[in-house]
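**Student:** I would like the atomic coordinates for the input below:
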Amino acid sequence: MRRRIPSTQALACFEAAARHESYTRAAEELSLTQSAVSRQVLALEAYLGVALFRRTRHGVALTPGGAQYWKQISRGLQGLERDTLDLMAGQGRGGAIALAAVPTFATRWLIPRLPQLAALHPDTVVHIETRTRPFLFDDTGFDAALFTGTAEQVARWPGTRAEPLMREDVVPVCSPALLQGRPLAPAQVADLPLLQQSTRPYGWRQWFDAMEVQAPAALAGPRYELFSMLAVAAAHGLGVALMPPMLIEAELARGELVVACPQPLRGERSYYLVTPVLEHEPAVLAEFRLWMRRMADEASGGDTHRG
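**Tutor:** Model prediction:
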């Protein structure tokens, strides 16, 4: 049965014109004439039987149908381009994984370990983009996601399989200059400047409550959005931060940060490898899953902590 698919040239012209809302700028991008872009769009509209653009004083604007079609087509063209580049780069060997990931975990934990994956599977390529919230895999080109959240949150992510990797336990850390060579009792931590994470405003209060310490200033202090920001602020002596040790391995190894009080707070959140439910999982994704599990087990010292 013949597939009802428009020409890729027409789709490329439509996507560029829709993105720029201009036939002229689309023509410049595609190295075509404006009339050529216009002809391709007209041919596509005739094929679909739907008006995709309307004329405006400043050029063209998408119709409601055109806007919907553009959202769908742009994802498909991006995926087609990515798959083509992957095949060209790999010459048909190995495979590629498009991974969505929370930024600090990807930068500070995953990427430093990717050389081990490359040594084990030299033909596997991992592409990483930032995502911090759940999404529908069918609406993106992602093969998997690294997500941090609670078990209840991942349970509400439809059509996915979520494998817990590590709990997000946190400990107080600071610059060695602030600590002055002596580990602190929890009550002493309450007397230091506290660095807050804006997305987890009650982190310090939860830690002090777990330590059974009164801390009137538990909510006070400068707020930073990302763990990476907290790490830099703490290393520069601005105060004490609650951090997962796995995200500051380099700073701890270099002595830029030290554990101020070695009593952790068991995290309610964990890091998960999330994948769509597939009847047949690609071999490259299955290999990546096994490797991630092994890396997580090594990082946690064999503590299963799953679930």
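**Student:** list the helices and strands whichever strand or helix holds residue 164 packs on?
**Tutor:** Per DSSP states H and E: residue 164 is located in strand 160-167. Using 3 or more C-beta pairs under 8 Å, 6 or more residues apart in numbering; DSSP states H and E, the elements in contact with strand 160-167 are helix 151-155, strand 270-276, helix 283-299. From N, CA and C alone the C-beta is placed, and that goes for glycine too.
**Student:** Swap in 10 Å and give it another go.
**Tutor:** Judged by 3 or more C-beta pairs under 10 Å, 6 or more residues apart in numbering; DSSP states H and E, strand 160-167 is in contact with strand 144-149, helix 151-155, strand 270-276, helix 283-299.
**Student:** And the strands in the stretch 151-300 of the chain?
**Tutor:** 160-167, 171-174, 194-197, 223-224, 240-243, 258-259, 270-276 (DSSP state E, counting those that start in this stretch).
**Student:** looking at the ones you listed, which is closest to residue 251?
**Tutor:** strand 171-174 (8.0 Å; C-beta to C-beta).
**Student:** how distant is that closest one from the center of its chain?
**Tutor:** 25 Å (C-alpha atoms, centre = their mean, to the nearest Å).
**Student:** which of the residues in it are buried?
**Tutor:** By neighbour count with 16 or more other C-beta atoms under 10 Å, strand 171-174 contains the buried residues 171, 172, 173, 174.
**Student:** again, but for stretch 34-41
**Tutor:** Within stretch 34-41, the residues that count as buried by 16+ other C-beta under 10 Å are 36, 37, 38, 40, 41.
**Student:** Out of those residues, name the ones that lie in helices.
**Tutor:** Assigned to helices by DSSP state H, the following of these qualify: 36, 37, 38, 40, 41.
**Student:** What are the neighbouring residues in contact with the spatially closest residue to residue 187 that is not a sequence neighbour?
**Tutor:** Sequence neighbours aside, residue 213 is the residue nearest to residue 187 in space, at 5.1 Å (criterion: C-beta to C-beta, 6 or more residues apart in numbering). Residues near residue 213 by C-beta atoms under 10 Å, 6 or more residues apart in numbering: 185, 186, 187, 188, 189, 190, 207.
**Student:** hmm, 8 Å instead?
**Tutor:** With contact set as C-beta atoms under 8 Å, 6 or more residues apart in numbering, residue 213 has these partners: 186, 187, 189, 190.
**Student:** separation between it and residue 40?
**Tutor:** Distance from residue 213 to residue 40, counting by C-beta to C-beta, to the nearest Å: 69 Å.
**Student:** Summarise which helices and strands the lowest-mean-pLDDT helix or strand in the chain is packed against.
**Tutor:** Least confident helix or strand of the chain, by mean pLDDT, DSSP states H and E, is helix 64-90 with a mean of 77. If you count contacts as 3+ C-beta pairs under 8 Å, 6+ apart, helix 64-90 packs onto helix 8-20, strand 95-101, strand 124-130.
**Student:** make it 6 Å
**Tutor:** Under the contact criterion of 3 or more C-beta pairs under 6 Å, 6 or more residues apart in numbering; DSSP states H and E, helix 64-90 touches helix 8-20.
**Student:** which element is the residue lying closest to residue 291 once chain neighbours are set aside on?
**Tutor:** In space, and not counting its chain neighbours, residue 291 is closest to residue 117: 5.6 Å by C-beta to C-beta, 6+ apart. Assigned by DSSP H and E, residue 117 falls within helix 114-120.
**Student:** Now do the buried residues in that helix.
**Tutor:** 114, 117.
**Student:** contacts for that helix?
**Tutor:** residue 291 (C-beta atoms under 6 Å, 6 or more residues apart in numbering).
**Student:** could you redo the last one with a cut-off of 7 Å?
**Tutor:** For helix 114-120, the surrounding residues in contact (C-beta atoms under 7 Å, 6 or more residues apart in numbering) are 124, 126, 291.
**Student:** Out of those residues, which is nearest to residue 62?
**Tutor:** Nearest to residue 62 among the contacts of helix 114-120: residue 126, at 34.4 Å, using C-beta to C-beta.
**Student:** mind checking how far the closest one is from residue 244?
**Tutor:** Between residue 126 and residue 244 the computed distance is 22 Å (C-beta to C-beta).
**Student:** beta partners of the residue most central in space within the chain?
**Tutor:** Nearest to the geometric centre of the chain sits residue 101, at 2.2 Å (C-alpha atoms, centre = their mean). Residue 101 has the following beta-bridge partners by DSSP bridges: residue 130, residue 146.
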